[in-house]
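A.B. asks: no FASTA, just this:
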């Protein structure tokens, strides 16, 4: 899991709605910021002007909920110092967050941000959406890892959604 997987050309996966497309784009934008050092304002303008709903380098990007996209990207950037420790605690002991692949780290940050800040969206929906995003980029156990980490976080942060479960 230590090697980076470029999020520029995801494999085919089930069609996303506009929020799903916003989640995928948010992961790509955060990856670009992390690897390329792009600042928040620049990455949002670039994605909204040249990617969301547009064709770029022969790839057709899905139209996305732009407000949702901005909320996730800017929220992750603003809250990263809160998000990372929560993710670190939810990871297996032998996998500190700094050892996680850049794309996978972006997926976990986005999912954690939504669990903590988007109470209008059920945790199970958030988890499922980010598992799908992970499957778009990875063929191994990364999707299972995303499921496990976000599920642990959701149970800790929103226990009321899981009342009555065994």
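C.D. replies: That came through, no problem. Worth saying up front: this structure is predicted, and the values here are computed from it rather than measured.

A.B. asks: what kind of secondary structure is the nearest residue to residue 52 once chain neighbours are set aside in?
C.D. replies: If the residues on either side of it in the chain are set aside, residue 52 comes closest to residue 64, at 4.6 Å by C-beta to C-beta, 6 or more residues apart in numbering. Yep, even glycine has a C-beta here, placed from its N, CA and C like the rest. Under DSSP: H, G, I helix; E, B strand; the rest coil, residue 64 falls in the coil class.

A.B. asks: Against residue 95, how distant is residue 64?
C.D. replies: When distance is defined by C-beta to C-beta, to the nearest Å, residue 64 is 30 Å away from residue 95.

A.B. asks: And those two? Which one has more around it.
C.D. replies: Ranked by neighbour count (other C-beta atoms under 10 Å), residue 64 and residue 95 place residue 64 first, with 24 against 15.

A.B. asks: in what helix or strand does the residue nearest the centre of the chain lie?
C.D. replies: Nearest to the geometric centre of the chain sits residue 107, at 2.9 Å (C-alpha atoms, centre = their mean). According to DSSP states H and E, residue 107 maps onto helix 102-117.

A.B. asks: how far is that helix from where the chain is centred?
C.D. replies: Distance of helix 102-117 from the chain centroid (C-alpha atoms, centre = their mean, to the nearest Å) equals 4 Å.

A.B. asks: Could you do stretch 148-163 as well?
C.D. replies: Once both centres are worked out by C-alpha atoms, centre = their mean, stretch 148-163 turns out to sit 17 Å from its chain's centre.

A.B. asks: List the contacts of that stretch.
C.D. replies: Here stretch 148-163 makes contact (C-beta atoms under 8 Å, 6 or more residues apart in numbering) with 86-87, 90-91, 108, 111-112, 115-116, 119, 122-124, 126-127, 130-131.

A.B. asks: Mind checking which of these are buried?
C.D. replies: For the contacts of stretch 148-163, a burial check counting by 16 or more other C-beta atoms under 10 Å picks out 86-87, 90-91, 108, 111-112, 115-116, 123, 126-127, 130-131.

A.B. asks: hang on, the earlier thing: residue 26 is in contact with the residue nearest to the centre of the chain, correct?
C.D. replies: No - under the criterion of C-beta atoms under 8 Å, residue 107 makes no contact with residue 26, lying 9.4 Å away.

A.B. asks: now the residue nearest to the centre of the chain: how far from residue 45?
C.D. replies: 23 Å.
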